[in-house]
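Asks: Can you look at this prediction? I've put the sequence above it.
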Amino acid sequence: MSLKQWRPVTEAGFKRKKFAIYVWRTVREGGDTKTRKSRRTLELPKLAAQALRQHHTRQAAQKLKAGEAWEDHDLVFCTNVGTPLDVSNVRRTFRRITRQAGLGTTWSPRELRHSFVSIMSVQGVPIETIADLVGHAGTSVTEAVHRHQLRPLITIFGEKPTG
């Protein structure tokens, strides 16, 4: 797929059966992904598509509330006046979400990648599939850097670990 073939949801519309994330560019200097293998299109699960539609409805209400203060940048995720999110916006919102979920405020958005890999692995998804989903050329980085043990496998003196 070329960059010219994909259409942002703000252009294609939210009344669709399926949604995808197009990982074809990045905030990295020059706007390109780290490697050609990093470029990929991932279909969103139904639950995520449903959440996206609900978000769009809430955003429409925000837009009305903001009135003339709204700056339309065709963004799916933006501030309450339509402007692009900066790193501070994202971190602050992420801390609020993790606090409300009872996880505390020490998590960072970057840890979602590690959690995703670890959860997929413990659910039995092949490491090759996981590496492909996160855009790794092979499985070594996925296994060594991103996959973490969620359940202790070794017991000490035959006792089950607590926690």
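Replies: Perfect, I can see it now. Bear in mind that the values here come from a model prediction, so they are computed numbers and not experimental data.
Asks: By residue count, tell me the biggest helix in this structure.
Replies: helix 46-66 (DSSP state H).
Asks: quick one: buried residues of it?
Replies: Residues of helix 46-66 classed as buried: 49, 52, 59, 63 (neighbour count, 16 or more other C-beta atoms under 10 Å). Heads up, the C-betas are built off the backbone N, CA and C, glycines and all.
Asks: what's the answer for stretch 131-145, then?
Replies: Under 16+ other C-beta under 10 Å, the buried positions of stretch 131-145 are 131, 132, 134, 135, 136, 139, 142.
Asks: residues in contact with the last one?
Replies: Neighbouring residues of residue 142 by C-beta atoms under 8 Å, 6 or more residues apart in numbering: 117, 127, 130, 131, 134, 136.
Asks: Let's have the buried residues of stretch 131-145 in CSV, adding secondary structure and distance to residue 12.
Replies: Converted to CSV, the buried residues of stretch 131-145 look like this (DSSP: H, G, I helix; E, B strand; the rest coil; distance: C-beta to C-beta, whole Å):
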residue, secondary structure, distance to residue 12
131, helix, 29
132, helix, 25
134, coil, 25
135, coil, 23
136, coil, 28
139, coil, 33
142, helix, 31
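Asks: For this structure, which element, helix or strand, carries the lowest mean pLDDT?
Replies: helix 9-12 (a mean of 73; mean pLDDT, DSSP states H and E).
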